[in-house]
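J.: need coordinates for the below:
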Amino acid sequence: MKKRILAALLILTMCLGLSACGSSSSGPEDSNADKKEEDSSKEKEKEAPEEYSVGDTWTVDGKFSFTFTSAALTDDRNQFEESTPAQVVLLTYDYENIGFEGFMDLYFSDNEFTVIDEGGEVASTYPLSISNYPQETPVGAKCTGVQAAYGLKTESSSITITVTQTDSKLKEEKAVFKLALQ
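T.: Just a heads-up that it's a prediction; the model follows:
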């Protein structure tokens, strides 16, 4: 009988000890949950793109850097163009190939830009007389003063541009630029 009571007490003590360990708020399970929550918030920060302005440089480590140097409204119009945009904006930008290796050398053309005016309308390229076009740029080289023109459907004081570049491994890099129009 004494053995049964002793065994029951021993089992009860072990159960209480284990339940106390399981309900502790500073145990390893909770620290893992906190770590998962922290990692999740870091991932959300990475997903939300940083917003750049005129003169800000977007750098993708080991690949390239990109800067819009101006976003200016122009009164110039192409007499042969059928579209009649509310405004025409001339974008000027620079880029440098730090170590980008893609299908070709680095090349930022207007195909990599999605331009949106203040009315939420996607702008189209506009055929202006451009003095400097993008060029394939090998590692270690720069392309400066490149120009692109867009016709805006809505009169705007600023535009939002998403710039996209894809490397040879099909990894897509994106940045959002909010540019005040001069």
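J.: tally of neighbours for Tyr150?
T.: Other residues lying near Tyr150 total 24 when counted by other Cβ atoms under 10 Å. (C-beta placed from N, C-alpha, C; glycine too.)
J.: that one and Val88 touch, don't they?
T.: Yes - contact status for Tyr150 versus Val88: in contact at 7.1 Å, counting by Cβ atoms under 8 Å.
J.: what is in contact with these two at once?
T.: Shared contacts of Tyr150 and Val88 (Cβ atoms under 8 Å, 6 or more residues apart in numbering): Tyr126.
J.: what secondary structure does the closest residue to Glu112 other than its chain neighbours sit in?
T.: Excluding the flanking residues, the one nearest Glu112 by Cβ to Cβ, 6 or more residues apart in numbering is Thr164, at 5.1 Å. Three-state assignment for Thr164 (DSSP: H, G, I helix; E, B strand; the rest coil): strand.
J.: who touches Thr164 in this structure?
T.: Applying Cβ under 8 Å, 6+ apart, we find Thr164 in contact with 112-114, 172-174.
J.: any stretches of the protein with poor pLDDT?
T.: 1-49, 102-104 (pLDDT under 70).
J.: only the buried members of the contacts of Thr164: can you turn that into a PyMOL selection?
T.: Per 16 or more other Cβ atoms under 10 Å, the buried members of the contacts of Thr164 correspond to this PyMOL selection:
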select buried, resi 112+113
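J.: ok, so of the contacts of Thr164, who is nearest Thr137?
T.: Relative to Thr137, the closest of the contacts of Thr164 is Glu112; by Cβ to Cβ it sits at 13.2 Å.
J.: just checking, that closest one touches Gln165?
T.: Yes - using Cβ under 8 Å as the test, Glu112 is close enough to Gln165 to be in contact (6.0 Å).
J.: do a quick rundown of the helices in the chain.
T.: Using DSSP state H, the helices of the chain run over residues 2-22, 28-47.
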